[in-house]
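>>> Predicted structure and sequence below. I'll ask about it afterward.
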Amino acid sequence: MSTDPRPGDRRPTLAVWKFASCDGCQLSLLDCEDALLGLTERLRVDHFLEMTPTEGAGGERAGPGGRGPYDLSLVEGSISTAEDAERISHVRHVSRYLVTIGACATAGGIQALRNFAHVDEFLTAVYARPEYIDTLETSTPISAHVPVDFELRGCPIDRGQLLEVVTAFLAGRRPRIPAHSVCFECKRRGTTCITVAHGTPCLGPVTHAGCGALCPAYGRGCYGCFGPSERPNLRSMVDQLRHDGMSERDVLRVFHTFNAASPEYASVPDLAAEERHSPGARTETRPERSA
Amino acid sequence: MSTDTGTNSSPPAGSGGLVMGKDGMSALVDVLIARGFTVVGPTVRDGAIVLAELRSADELPYGWGVELEAGHYRLRERPDGAAFANAAGPQSWKRFLHPPRVRQWSADRVEGELVLTAGEAPPPRYAFLGVRPCDLRAIAVQDRVLTGGAYRDGGYAERRSGALLIVVECTEPGATCFCVSMGTGPAAGPGYDLAMTEVADEAGHRFWVRGGSPEGAEILAELPARPADPGTRETARAGVTAAADRMGRTMPEADLRELMAGTLDAPRWDDVAGRCLTCGNCTMVCPTCFCTTTEDTTDLTGDHAERWRLWDSCFDLDFSLLHGGPVRATTRSRYRQWMTHKLGTWYDQFGSSGCVGCGRCIVWCPVGIDITEEAAALDDWTRSGKPAPAPREGSGPP
């Protein structure tokens, strides 16, 4: 296999790491199909437990922390245990370039819902033997623990964007991953706005692009799996969601998913609870004009 | 295919034009296809009247109107069966003349040598069926921007020079329309190959058609049409005249260029910044907004690279990113940039307004921000003696 070392091998080395996560994002790498062979021509995969149980050149069994050093580390998952908090520190030490992939690694993931509740209550309610569970009070993104060179968003990530990040790394250039809204992608692909034409609530205007505006293209409102766009106006967005028929609870729930712990969303509970007598965001009637 | 940006004009006196029925419309699409055109026109899709390639006139939105408001668009059935009694939809012709994604070139490393390849195959010859007068003006505005200066967009020029423009005058303006304020409609200005006015009354569903170019006249001669009777002409003209009196929106009477230049510190910019999502929808639906960004891609082998041009928007932070950060970091500064360029500095740059009054930015703003309402508020502020002290840039809401 092309991950094996070759005589005079000068390929940069790749490591893929898993923390608290579902594995979906690292599987996006295996889903690259045709591009995967090209990828292994350019990178030597030294540590990737979803792909091979062995580590690096010697064919020895890989440990959870690997040996390194690695030129490029892709890190999936959030930090939810003390052990993982130590392990990410090690991964950072043995990685030249560290990229976090997916909502867990970049925002804490769905498991960060614990950040808004009490872990002890979960432990006693969910587990028959809670004494076996050793976990932190919070689920936090990798960037809360170690410096990160690039964050790739999504739940799961888009494999085209993943290839762009890896290709940019190989070419020594900045990845082309825009931080603007999903609306850009809707308009470029020619999708009719489902909020305006159908009244469907949609998080597209405040959500980070990258998915290619998949959901609206099939008539479904964006539910924000790529997290917040750059500097989102959540006050106006929440006003609009309420206008489109969402209750306070609906609004809380739609933001309390994969990117619930994104700092940008911190104001949502207060905004959703506000009375909406004169939101100022709508003009239902023709504006009054002075002569 | 003139690129003039002239004023409105009625059809030339003496050229009485022809009248044809729905069979004539069907024949028109067939004739255009037979002549090798890719015919693009309005059709119903996904709950809206979009622009798409037409294989037959049956795909036109016969019997469909629209209900428009700020941030609101709904299809409504029309008992009269009219195809063009609806105002501007979610797209404009810029989608075809100035497409959202264009590959400009690609490069390959072949045995150590760099081989460059031109980006796109030659464009089709488009026939745009159902161009509204406001959009005819918008095409003229983009002609000036993209081909009228020192830096000519060759791709645009090629797509544009082959395009046949068939205008349908406006008889049913929407609640968000203000072409009269901008002097762009509802009657067709110059620059068309064929102009039509649709009449659907007890005397039948028919189109009054006039040629505007030799090619238009040639096509018209192939259609099953008869010389226009005075009754049809009068009814058609009356319909367009009545439309002018039924504009849903108006711009303030003020000189908009002066208004924009004189209100840069108005507190209203903070107010609109509180509502603006900076999602970029207004610029993408605007038929004259032309800004693009460049993206270079490489593949995994490192032996193949491509340069793409994509629609961009002044609402994107990266749009004004220079060394050290974006120049227009606040929403206030970005909305102000868009509106003052559209209504003000466009004159300095291109000699006309950048706004044609189609109302798309009002309809397709998810939160219903209304450029005419914003202009009116700025005008009110000016008239009332600019009372409030202006906050400095960057001190307002996001």
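Sure thing, it's come through. Numbering: from 1, shown residues only, chains lettered A, B, ... in the order given.
>>> Tally up the residues packed near residue 162, please.
No chain specified, so I'll use chain A. The burial metric for A:L162, expressed as a neighbour count using other CB atoms under 10 Å in any protein chain shown, is 26. Every C-beta, even on glycine, is put in place using the N, C-alpha and C of the backbone.
>>> My question was about chain B, not that one.
When neighbours are counted by other CB under 10 Å, B:G162 registers 17.
>>> Contact partners for it?
B:123-126 (CB atoms under 8 Å, 6 or more residues apart in numbering or on different chains).
>>> Tell me which residues are up against whichever strand or helix holds A:T100.
Mapping A:T100 onto the secondary structure by DSSP states H and E places it in strand A:95-101. Residues outside strand A:95-101 that contact it (CB under 8 Å, 6+ apart): A:15, A:25-26, A:28, A:68-76, A:91-92, A:106, A:141-143, A:146-152, A:157, A:162, A:165, A:169.
>>> picking that back up, for the contacts of B:G162, which one is nearest B:M20?
B:M20 lies nearest to B:Y126 out of these, by CB to CB, at 21.9 Å.
>>> correct me, but the closest one touches B:F96?
Yes - shown here, B:Y126 and B:F96 form a contact pair, counting by CB atoms under 8 Å, at 5.7 Å.
>>> if I look at these two, which residues touch both of them?
Taking CB under 8 Å, 6+ apart as the contact rule, the neighbours common to B:Y126 and B:F96 are B:40, B:159, B:163.
>>> So which of those is the closest to A:P175?
Taking CB to CB as the measure, A:P175 lies nearest B:R159 of these, at 31.4 Å.
>>> okay, now residue 261: neighbour count?
Just going to use chain A. A total of 26 residues lie near A:A261 under the criterion other CB under 10 Å.
>>> looking at chain B here, not the other one
Neighbours around B:A261, by other CB under 10 Å: 15.
>>> For chain B, which segments are assigned as helices?
Residue ranges of the helices in chain B, as given by DSSP state H, are B:22-34, B:94-97, B:133-147, B:154-161, B:179-182, B:214-221, B:230-244, B:256-262, B:268-275, B:281-285, B:331-340, B:346-350, B:360-363, B:371-383.
>>> so which of those helices comes closest to A:H243?
Checking those against A:H243 by CB to CB gives helix B:268-275 as the closest, at 11.7 Å.
>>> what about the closest one, average pLDDT?
Averaging pLDDT along helix B:268-275 yields 97.
>>> helices or strands next to the longest strand along chain B in the packing?
Assignment by DSSP state E gives strand B:101-110 as the longest strand of chain B. With contacts defined as 3 or more CB pairs under 8 Å, 6 or more residues apart in numbering or on different chains; DSSP states H and E, the packing partners of strand B:101-110 are strand B:113-118, strand B:304-311.
>>> How about the residues of the stretch 101-250 of chain B by chain A?
If contact is defined as CB under 8 Å from any CB of the partner chain, the residues of the stretch 101-250 of chain B in contact with chain A are B:101, B:175, B:248-250.
>>> how about these, which pair is most distant?
For those, the farthest-apart pair by CB to CB is B:R101 and B:T250; their separation is 36.1 Å.
>>> More neighbours: which of these two?
The neighbour count for B:R101 versus B:T250, taken as other CB under 10 Å, is higher for B:T250 (18 against 12).
>>> so who does that one touch?
Residues near B:T250 by CB under 8 Å, 6+ apart: A:289, B:178, B:180-181, B:372.
>>> What sits closest to the residue in the stretch 1-150 of chain A that chain B sits nearest to if chain neighbours are left out?
When distances are taken as CB to the nearest CB, the stretch 1-150 of chain A approaches chain B most closely through A:G38, which lies 4.2 Å from it. Ranked by CB to CB, 6 or more residues apart in numbering or on different chains and with sequence neighbours excluded, the top spatial neighbour of A:G38 is B:L300, at 4.2 Å.
>>> Count the residues that sit near the one you found.
Counted with other CB under 10 Å, residues neighbouring B:L300 total 21.
>>> what do you get for B:A82?
B:A82 has 21 neighbours, counted by other CB under 10 Å.
>>> surely it meets B:H205?
Yes - with contact defined as CB under 8 Å, B:A82 counts as touching B:H205 (7.4 Å).
>>> Common neighbours of the two, please.
With contacts taken as CB under 8 Å, 6+ apart, the residues that reach both B:A82 and B:H205 are B:E198.
>>> Just give the closest residue to the closest residue to chain A within the stretch 101-250 of chain B, not the sequence neighbours.
At 6.4 Å from chain A, B:R101 is the closest residue in the stretch 101-250 of chain B, using CB to the nearest CB. Closest residue to B:R101 apart from its sequence neighbours, by CB to CB, 6+ apart: B:L310 at 5.5 Å.
>>> how near is the most centrally placed residue in chain B to B:N281?
If you average the C-alpha coordinates of chain B and look for the closest C-alpha using CA atoms, centre = their mean, you land on B:P287, 2.8 Å from that point. Counting by CB to CB, to the nearest Å, the separation of B:P287 from B:N281 is 14 Å.
>>> which SS state does A:V166 fall under?
Secondary structure state of A:V166, per DSSP: H, G, I helix; E, B strand; the rest coil, is helix.
>>> For residue 118, give me its contacts.
In the absence of a named chain, chain A is used. Remark: with contacts taken as CB under 8 Å, 6+ apart, A:H118 is in contact with nothing.
>>> hmm, I had chain B in mind actually
The neighbours of B:A118, taking CB under 8 Å, 6+ apart as the test, are B:W105.
>>> Tell me the confidence at it?
What the model reports as pLDDT for B:A118 is 88.
>>> Show me what it is bridged to.
When assigned by DSSP bridges, B:A118 has beta-bridge partners B:W105.
>>> all helices of the stretch 151-291 of chain A, in order?
Assignment of helices within the stretch 151-291 of chain A using DSSP state H, counting those that start in this stretch yields the ranges A:159-171, A:182-189, A:194-198, A:214-217, A:234-243, A:248-255, A:268-273.
>>> Return the set of buried residues in the first one.
Going back to what we said before, that points to helix A:159-171. Within helix A:159-171, the residues that count as buried by 16 or more other CB atoms under 10 Å in any protein chain shown are A:159, A:161-171.
>>> Tell me how the chain divides into domains.
All of this refers to chain A. Residue ranges for the structural domains of chain A, counted by automatic domain parsing, are given in the record as A:13-171, A:182-273.
>>> right idea, wrong chain: chain B
Segmentation of chain B into domains, based on automatic domain parsing, reads B:18-244, B:256-383.
>>> Can you add distance to A:T207 and give these back as TSV?
Written out in TSV, the entries for the domains of chain B read as follows (distance: least, CB to CB, whole Å):
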stretch	distance to A:T207
domain B:18-244	18
domain B:256-383	9
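>>> Looking at the ones you listed, spot the one closest to A:G204.
domain B:256-383 (7.1 Å).
>>> what distance separates the closest one from the centre of its chain?
The offset between the C-alpha centroid of domain B:256-383 and the centroid of the whole chain comes to 15 Å, using CA atoms, centre = their mean, to the nearest Å.
>>> Pull the contacting residues for the residue nearest in space to the middle of chain A.
Most central residue of chain A, judged by C-alpha distance to the mean C-alpha position with CA atoms, centre = their mean, is A:A103 at 2.3 Å. If you count contacts by CB under 8 Å, 6+ apart, A:A103 has them with A:109-110, A:153-155, A:225-227, A:258-259.
>>> show me what contacts the nearest residue to A:H93 once chain neighbours are set aside?
In space, A:H93 comes closest to A:G68 once its chain neighbours are excluded; the distance is 7.8 Å by CB to CB, 6+ apart. By CB under 8 Å, 6+ apart, the contact set of A:G68 is A:15, A:46-47, A:93-95.
>>> A:P178 now?
A:P178 sits next to A:184, A:209-210, B:316, B:318 when contact means CB under 8 Å, 6+ apart.
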